[in-house]
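Undergrad: I'll drop the sequence and a predicted model, then ask my questions.
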Amino acid sequence: MKHSRIFLAEFLGTASLLIVVVGSGIMGETLSQGNNAIALLANSLATGAGLYALIQTFGPISGAHFNPIVSWVEFLWKRITLTELRSYFLAQFIGAIGGVIATHLMFGKQLIELSSHNRGDLRLMFSEVLATTGLLLVIALSGKKNVEATPAAVSLYITAAYWCTSSTSFANPAVTVARSLTDSFSGILWTGVPGFIAAQIVGGIVAFQITKTLTASENEFEQTRR
């Protein structure tokens, strides 16, 4: 029963996230009449706002990961089991693809469109390492004093990262795969997907090691004070 609740929450949350990302990208691109800055502004603000609402909605049920890298790092921290990790992965990838299909249906597009947006440059891979590392650090550390601050911190980080990273901060393998299936503002050509995912995995490892170091130092400081 617990696994089915996790699966449903992660499926709905990830699908909804892709609806926000891809839908706002389509709407922003259509209404901006070729002004990419305005389209990106609409895309980033909608994604940040939507993500905050989704974390608040599904967080108490599944932790609101919506991201295989987040789930994998939670597994490394021994906060979820291997069986739960499989449920997270399955729900996230199916949900992400389902979200893209639902968005295309709403906007009158083909249900599946292979993206033509080439994002295969090496600099974009480096950007994804930084973007994923930053996201994981915010998730792991922003709630140390007040756990209620994490949803806002994560949402604001993603909004900012759209603008300050050259890759516009995918930072999520499920999102990356799903966005290869939309030839809209938010899309990515499938040839760039493996490199993005590899960079995201590296970012997850870096964030895990940094967090281990920072929390170990904190624990040592607390023990010294005692």
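TA: Received it, and whenever you're ready, just let me know what you need. For clarity, every value in this text was computed on a predicted model and none was experimentally measured. Residues are numbered from 1 along each chain as shown.

Undergrad: longest helix in this structure, by residue count?
TA: Across the chain, the longest stretch assigned as helix under DSSP state H is helix 193-225.

Undergrad: for it, name the packing helices and strands.
TA: Judged by 3 or more Cβ pairs under 8 Å, 6 or more residues apart in numbering; DSSP states H and E, helix 193-225 is in contact with helix 68-76, helix 122-141, helix 173-179. (Each C-beta comes from the backbone N, C-alpha and C, glycine too.)

Undergrad: show me what counts as buried in that helix.
TA: Of all the residues in helix 193-225, those buried under the rule 16 or more other Cβ atoms under 10 Å are 193, 195-197, 199-208, 211.

Undergrad: sorry, back to before: got CSV for the helices and strands packed on helix 193-225, with mean neighbour count too?
TA: Output for the helices and strands packed on helix 193-225, formatted as CSV (neighbours: other Cβ atoms under 10 Å):
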stretch, mean neighbour count
helix 68-76, 22
helix 122-141, 21
helix 173-179, 26
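
Undergrad: would you turn those into TSV with distance to Ser167 and mean pLDDT?
TA: Converted to TSV, the helices and strands packed on helix 193-225 look like this (distance: least, Cβ to Cβ, whole Å; pLDDT from 0 to 100):
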stretch	distance to Ser167	mean pLDDT
helix 68-76	14	97
helix 122-141	4	97
helix 173-179	10	98
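
Undergrad: output those as a markdown table; include the columns distance to Ile97.
TA: Shown next, in a markdown table, are the helices and strands packed on helix 193-225 (distance: least, Cβ to Cβ, whole Å):
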| stretch | distance to Ile97 |
| --- | --- |
| helix 68-76 | 13 |
| helix 122-141 | 20 |
| helix 173-179 | 5 |
